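*Asks:* Build the 3D model from these lines:
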Amino acid sequence: MKKVITSLLVLMASAVVASAQIVKQLEEPTDKEFRKAVKTLMYKTNGHDITPKRMEAMESVQAVFNRFTHTAWSDYLGESDPAKVAELERTGIPYFLRNAFEKVRKEVATTKVKEGTVAIWLLYNMGYIVKTPTSTFGIDIYSRYAEDLLDMIDFVMITHAHGDHYTKEMAEGMTRRNKPVFANFDIAEANVTRVEDGKVYEVGDVKIRTTIGDHNAQLLNYVVAYEIDCGESTDNTILYHTGDSYNYTQLNPQQQVDIFIPHMAVSLDIQSSIDKFKPRHVFLSHLHELGHSIEKWRWTFHDALDLKSRLRHDHIWIPCWGEKVVYDRSNW
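*Replies:* Numbers count the residues shown, from 1 in each chain. This next block holds a predicted model:
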């Protein structure tokens, strides 16, 4: 495959080039090239250091994303025949998604988290799994295989009721295991802890402070932002996951934020958020939500690179599915 990373290098230097123009230059990789790119993203590079190797892999994967429609996604989710599902997952985006999930599942089960650190995995969209020395929890977990995580997760948080941020089956499964589910809406057959604005909830040594805010001008008081103190075993690492919050004036963390996890394109003023509470790191999220059409609300690696180039902050991450990050404040 012809390497076309020059356009991305230009993009990192300047926000003048529109991502739509770059998309037209992409060449679709062979299946072998695509698999290699997926492995590079998940295992051989990281979302903080956007090296030429990382950018080349993003370029290859993005070319395949650009041809995977929301109707293909719907067909994949709707397929119930295990043999047909396995065939779909042999290549393309379903291959990437299934391999990312399996990587996360295995690593969550086997990773030994050292004192003072936190391990974080991006599963899909805004969905993260977090493991500390004492607990494991999920935020906005969405996957057709989400129930395979039930026995290894202690509790889950859901930011809002849109279908790409939770699954009913996982919430019900957590309830059957007497494990907490935090949300601001009810889920049938699930025992949900209905969170309130400004309240603090505790699970083990993890403390969760909630802020309820707006998704957009129509969906007011719809989204929960979670300020998560991961506990003394992590030196009280603070994660701030804001779901699809769009009004930065409503975001008001009470402690120094280590990792800020915003929706990168819901009209949230991320720069003003950064200026307001000065997080140590920012994980740009909600890329490649496959339920959205390619032409609308399907944000790409190029969109994230463009945004990264415009933000005034030294530690902007563009994580990918399946990627593992071990946060150690003393070394970051």
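*Asks:* for residue 80, helix, strand, or coil?
*Replies:* The three-state assignment at residue 80 reads coil, by DSSP: H, G, I helix; E, B strand; the rest coil.
*Asks:* Could you give the number of residues near it?
*Replies:* Close neighbours of residue 80, defined as other C-beta atoms under 10 Å, add up to 7. (Glycine included, C-beta is placed from N, CA and C.)
*Asks:* tell me how far the ends of stretch 35-43 are from each other?
*Replies:* One end of stretch 35-43 sits 12 Å from the other (C-alpha to C-alpha, to the nearest Å).
*Asks:* ugh, wrong one, stretch 62-77
*Replies:* Start-to-end span of stretch 62-77 (C-alpha to C-alpha) is 21 Å.
*Asks:* What residues does the closest residue to residue 191 other than its chain neighbours make contact with?
*Replies:* Excluding the flanking residues, the one nearest residue 191 by C-beta to C-beta, 6 or more residues apart in numbering is residue 175, at 4.5 Å. Listed by C-beta atoms under 8 Å, 6 or more residues apart in numbering, the contact partners of residue 175 are 181, 189, 190, 191.
*Asks:* Check residue 271 too.
*Replies:* Per C-beta under 8 Å, 6+ apart, neighbours of residue 271: 310, 311, 312.
*Asks:* now the second one: how far from residue 257?
*Replies:* Taking C-beta to C-beta, to the nearest Å as the measure, residue 311 and residue 257 are separated by 15 Å.
*Asks:* Of the two, which one has the most company?
*Replies:* Counted by other C-beta under 10 Å, residue 311 and residue 257 do not tie: residue 257 has more neighbours, with 23 against 14.
*Asks:* Point me to the helix or strand that includes residue 209.
*Replies:* strand 206-213 (DSSP states H and E).
*Asks:* ok, residues contacting that strand?
*Replies:* 132, 135, 137, 157, 182, 184, 195-202, 221-231, 245-247, 250-254.
*Asks:* repeat for stretch 160-173
*Replies:* 125-127, 140-143, 146-147, 149-150, 156, 158-159, 181, 183-185, 187-190, 192, 215, 222-224, 243-244, 289, 291.
*Asks:* Recalculate using a threshold of 7 Å.
*Replies:* Stretch 160-173 is contacted by residues 125-126, 140-142, 146-147, 150, 156, 158-159, 181, 185, 187-190, 192, 215, 222-224, 243-244, 289, 291 when judged by C-beta atoms under 7 Å, 6 or more residues apart in numbering.
*Asks:* Ok, stretch 194-201 next?
*Replies:* Contacts of stretch 194-201 (C-beta under 7 Å, 6+ apart): 182, 183, 184, 193, 207, 208, 209, 210, 211, 212, 224.
*Asks:* Just put these in CSV and tack on distance to residue 118.
*Replies:* As requested, the contacts of stretch 194-201 are exported to CSV (distance: C-beta to C-beta, whole Å):
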residue, distance to residue 118
182, 19
183, 23
184, 25
193, 23
207, 14
208, 15
209, 17
210, 20
211, 21
212, 25
224, 20
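*Asks:* Just the closest of these to residue 235, please.
*Replies:* residue 207 (13.9 Å; C-beta to C-beta).
*Asks:* How much space separates the closest one from residue 98?
*Replies:* Taking C-beta to C-beta as the measure, residue 207 falls 34 Å from residue 98.
*Asks:* can you check residue 228 too?
*Replies:* Distance, residue 228 to residue 98, by C-beta to C-beta: 28 Å.
*Asks:* quick one, which of the two is more surrounded?
*Replies:* residue 228 (25 against 19).
*Asks:* hang on, that one packs against residue 239?
*Replies:* Yes: using C-beta atoms under 7 Å, residue 228 is in contact with residue 239, at 4.4 Å.
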